[in-house]
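Q: Below: sequence and its predicted model.
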Amino acid sequence: MHIVEIPRDGEGLAAPMTQMRMWLDARRIEPATFGMSLIAGGTIFRLAFRDRRDAAALAGFYLWGHVPEPFSWWTGIRMFPAGHVQRVGVGRASAPRPFATIQDSYAGSYVGGSRQLEPGELRGMLLDSISHHLVADVPVGIFLSAGIDSNVIAALAAKLGTRLRTVTLAFKEYAGTPADEAPLAEATARTLKTEHVTVRIDRDEFDAVVDDFFDCMDQPTIDGLNTYLVSRAAAQQGLKVALSGLGGDELFGGYPSFRQIPRLLRWAGGLPSHSALSRSVQRALRLVAPSIVPPKLAGLLAYSGDIAGAYLLRRALYLEDELEGLLDETRLRDGLEKLATVGAIAESIAGLQRADATMHAKISALECGWYMRNQLLRDADWAGMAHGLEVRVPYVDLALFERLAPVIGSSAPPSKQDLAACAEPALRISSERAKTGFTTPVRAWLARRPGRRPRGLRGWAAEVHRRFRSLPRPEARDLPSAAA
Amino acid sequence: MDRKPLSLNVQMLLTDGFGGFGGIAKFNRDFLEALDSCPLVERVHALPRLIPDRFDDVIPESIVYDRAAARGKTAFLRRLLAHARNDDRVDIVVCGHLNLLPAAWLCARRHGARLAAVIHGIDAWSSRTFGLTQRLTERVDAYIAVSQHTAGKFMSWSRVTTDRIVILPNCVDLNRFRPQDRDPGLAERYGLRSSKVIMTVGRLASRERYKGFDEVIDILPRLSTQVPRLKYLIVGDGSDRPRLEAKARSLGVSEQVVFAGRISEAEKSAHYNLADAYVMPSSGEGFGIVLIEAAACGVPVVGSCVDGSREALLGGRLGRLVDPNRPGELVDAILAALRARGRSRRNAEIEVFSSDNFKRRVASWIGQMVHAADPLRLC
């Protein structure tokens, strides 16, 4: 999916690079970065300066829990835009231009006409993607949780006749509780007759790997621990490739945002015009009772005016005006200005707004283009690679996506139930397997410090930032190079 | 038992730092930089009482420098209150000046944080007229003193004992302050071409008068007879300047005394490099950062043996120590320093005061603040 081609004039290291092409899939299975790069002999050496952290990267990290595109943790290095191609010659480079965008795929469905799924059609599409993702000269494993997404992948992969190896990550703390994924996953494994392993870890093991976890992280992120741990378990089983259910929630409306954002917009629609008034309400609420009113509740009015604001409210780790206690004001002002977050979110679905797409399609596009691209895929990449494991994501597949887009854009988009039905008759996934979320007890582990209040994801973000601040300079610890 | 290293949130109340002038502001900037580079520190909220001048320093990544606090007394109190209302954890409150101790004590109480206070120089040498501060000095968990001298003076009036005081000497950026050729433009500006130059840097405060400007001007007539083309460059400004100018006139040395006024931090190194000897027969320095800055520039230094300067000059290894009350000693030391002037070399012992060592000491102090009831030791 991701090819870097560097034709060269000669053989020697000193040979000048004449052209470099990079193709990237629309949703970026492997992320690439570009920026201040020195290209010699086919290797990209990145230069960066720790002393001048990009203000947008810092503000963006606290806003989202990751550094949002196009920024990166290091000033001067930008993420290569997803679904783009760029020609780079000696001394000149064309601007990256898109070859596939999420927005166009969805918007196209309003030109070409939206449509409903034929019976069995979805199953056929998924089988096609999964069979392509199973191609390998090594055994391919599957991350199996209690959720629908990974169960469907396992059921369909079993149907394709390969000998399956499934890996489930479980936590000793959860044994015997509803949060324990192992019993359901093991039941699936028995039904599908896979070679199954459940790896249970506890706090001691977490403590033992946490330093390595941070060492492997290439840019700060508040997620990735689950993928890191399950990849580690898979690698310990000798696996080199594993399929993940990542992307199922975006395509099949699995996130709460698909219900919450429309509700929020309906609710706010009945209120008088927002802007100035709502900002003052937000400030007043925070001033009067900062510890009683949850910050996101205080921001409800200010961010519920449009879908971009509502999406940010749903996904943000901190709201913009909460950041003043976290970052110095000049850096914060500069960072927020460069990010122009709400505008950038709105811009990312402007085409869908013009095409009068359904709310469902817009939310799906936002989840794909923001959360999945910036957080999930990037984390899956580094956390898998930390253990030499290639994490493959059959739901994030350009062919599948382009076939499914007109259906997702229709008035009856495919749901998680439609997805679950694809596993039948091999596997009956009961409605109890509705999304439970892949939870880890890490929050509890971190909170269990004497005399400390539980701090949740925000505390975790501060911890990630603290770790990243004291990292050696990036010259010594280069970013993974696409061309190396 | 907690097995993970803790992360710390620090709140610091300070008089001035970024955009400020003088030793205390310099210490505060260095201290904030050091906190930022300390891996245990998660975030520092710094509340400055004043921002005397606009600045374009890059504030370290983990520091939130609350500019709103510097907009007057009310604003400072308002920001303090806002921080107190905040539920975010604070582990250590650092009080940058004893005048701010009541406020810092309240902050520490509010958050259940440990309280540390920095003591610099004359600010901590004599008992406080304000009784509350005096009583609160006993409630401070740890003191940071810039010198043994300051610590000793402080202990003489407070009931604080030595086990609660650590010594954290000031530091100098050895990359910025280094031996260089005399800047011809500057030499021209002050009329110093082909002159022998002795120099003092400091506030000209009529209420303090401990920097030793008077002592140097007093012996200028005597020095001039032995050193032709001698100039005395005074860098700094303040209310005492007219008096010093008048004094120079009355002694007939106004031609030799050059008042440079206040200069920017960026110009400082070039100014030290104008001098053939740095002379400061002071009697009230807590430490005397200017002494180590001059020494870092390879300029021979003459300092005082009666205050913190003795420690800045490593008991005489970084420069000559004189008693400011003995003019004869001062003259001899200056003459010796002028003879010793060999450009482009600096004493390797200046490394003791490098920024890296300062950061290392702060990190080790932070570690002790976290872990220990045991006595704090730095040097």
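A: Done, it's in.

Q: Name the spans of the stretch 1-150 of chain B whose pLDDT lies under the cut-off.
A: B:1-5, B:128-130 (pLDDT under 70).

Q: So which residues on it come close to chain A?
A: Counting by C-beta under 8 Å from any C-beta of the partner chain, the residues of the stretch 1-150 of chain B close to chain A are B:2-4, B:6-7, B:36-37, B:39, B:41-43, B:45, B:58-59, B:61-65, B:67, B:85-89, B:112. In this view, the C-beta of every residue, glycine as well, is placed from N, C-alpha and C.

Q: Write the PyMOL selection for whichever of the residues you listed are buried.
A: A single PyMOL command selects the buried members of the residues of the stretch 1-150 of chain B next to chain A (16 or more other C-beta atoms under 10 Å in any protein chain shown):
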select buried, chain B and resi 7+36+37+41+42+43+45+59+61+62+63+64+65+67+86+88+89
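
Q: Can you report how many residues neighbour residue B:95?
A: 27 (other C-beta atoms under 10 Å in any protein chain shown).

Q: if you look at the residues of the stretch 1-150 of chain B next to chain A, which of them are in helices?
A: Those of these mapping onto helices are B:36-37, B:85, per DSSP state H.

Q: Would you map the strands across the stretch 1-150 of chain A?
A: A:3-5, A:19-23, A:33-35, A:37-40, A:43-46, A:77-79, A:84-89, A:92-93, A:97-98, A:140-143 (DSSP state E, counting those that start in this stretch).

Q: between these, which gets the lowest average pLDDT?
A: When the strands of the stretch 1-150 of chain A are compared on average pLDDT, strand A:3-5 comes out lowest at a mean of 34.

Q: what's around residue A:256, how many residues?
A: By the criterion of other C-beta under 10 Å, residue A:256 has 12 neighbours.

Q: quick one: it from residue A:264, how far?
A: From residue A:256 across to residue A:264, the span is 11 Å (C-beta to C-beta, to the nearest Å).

Q: Residues that sit against both of the two, list them.
A: residue A:314 (C-beta atoms under 8 Å, 6 or more residues apart in numbering or on different chains).

Q: any idea which of the ones in helices among the residues of the stretch 1-150 of chain B next to chain A is closest to residue B:263?
A: Distances from residue B:263 to these, taken as C-beta to C-beta, are shortest for residue B:36 (26.7 Å).

Q: what's in contact with stretch A:373-388?
A: Contacts of stretch A:373-388 (C-beta under 8 Å, 6+ apart): A:27-31, A:64-69, A:82, A:212-213, A:216-219, A:221, A:223-225, A:227-228, A:231-232, A:234-235, A:240, A:242, A:244, A:246-247, A:390-391, A:393, A:396, A:480.

Q: okay, how far is it across that stretch, tip to tip?
A: 21 Å (C-alpha to C-alpha, to the nearest Å).

Q: Same check on stretch A:408-425?
A: Rule used - C-alpha to C-alpha; the end-to-end distance of stretch A:408-425 is 24 Å.

Q: Show me what counts as buried in that stretch.
A: Residues of stretch A:408-425 classed as buried by neighbour count (16+ other C-beta under 10 Å): A:408-410, A:413-414, A:416, A:418-423.

Q: Could you report the distance from the residue nearest in space to the middle of chain A to chain B?
A: Nearest residue to the geometric centre of chain A (C-alpha atoms, centre = their mean): residue A:376, 1.9 Å. As defined by C-beta to the nearest C-beta, to the nearest Å, residue A:376 lies at a distance of 26 Å from chain B.

Q: before we move on, the earlier item: show the buried residues in the contacts of stretch A:373-388.
A: Counted by 16+ other C-beta under 10 Å, the contacts of stretch A:373-388 give A:27-31, A:64-69, A:82, A:213, A:216-219, A:221, A:223-225, A:227-228, A:231-232, A:234-235, A:240, A:242, A:244, A:246-247, A:390-391, A:393, A:396 as buried.

Q: Of these, which belong to helices?
A: Among the buried ones among the contacts of stretch A:373-388, DSSP H puts A:64, A:213, A:216, A:225, A:227-228, A:231-232, A:234-235 in helices.

Q: Farthest-apart pair in the residues you listed, please.
A: Using C-beta to C-beta, these span at most 28.6 Å, a distance reached by A:64 and A:235.

Q: picking up where we left off before, among the buried residues of stretch A:408-425, which one sits closest to residue A:108?
A: If you rank these by distance to residue A:108 using C-beta to C-beta, residue A:409 comes first, at 8.5 Å.

Q: And the closest one, how far from chain B?
A: 43 Å.

Q: Now do the contacts for residue B:144.
A: Shown in contact with residue B:144 (C-beta under 8 Å, 6+ apart): B:116-119, B:165-168, B:365.

Q: Now residue B:247: closest residue in space that isn't a chain neighbour?
A: Nearest residue to residue B:247 in three dimensions, chain neighbours excluded: residue B:217, at 5.7 Å (C-beta to C-beta, 6 or more residues apart in numbering or on different chains).

Q: That neighbour: neighbouring residues, count only.
A: Residue neighbour count, defined by other C-beta under 10 Å, stands at 22 for residue B:217.

Q: Same check on residue B:249?
A: Residues lying near residue B:249 (other C-beta under 10 Å) number 12.

Q: What strand or helix carries it?
A: In the assignment (DSSP states H and E), residue B:249 maps to helix B:241-250.

Q: returning to that earlier point: before we move on, what SS does the residue nearest to the centre of chain A have?
A: helix (DSSP: H, G, I helix; E, B strand; the rest coil).

Q: List the contacts of the residue lying closest to residue A:418 once chain neighbours are set aside.
A: Sequence neighbours aside, residue A:122 is the residue nearest to residue A:418 in space, at 6.0 Å (criterion: C-beta to C-beta, 6+ apart). By C-beta under 8 Å, 6+ apart, the residues touching residue A:122 are A:404, A:414, A:418-419, A:422.

Q: mind checking pLDDT for residue A:352?
A: 92.

Q: Which helix or which strand is home to the nearest residue to residue B:260 once chain neighbours are set aside?
A: Setting aside the residues directly before and after it, residue B:260 is nearest to residue B:235 in space (C-beta to C-beta, 6+ apart), at 4.5 Å. Residue B:235 belongs to strand B:230-235 when elements are defined using DSSP H and E.

Q: Parallel or antiparallel, list what pairs with that strand.
A: strand B:196-201 (parallel), strand B:257-261 (parallel) (DSSP bridges).

Q: Report the secondary structure state of the residue nearest to residue B:247.
A: Here residue B:217 is recorded as helix under three-state DSSP.
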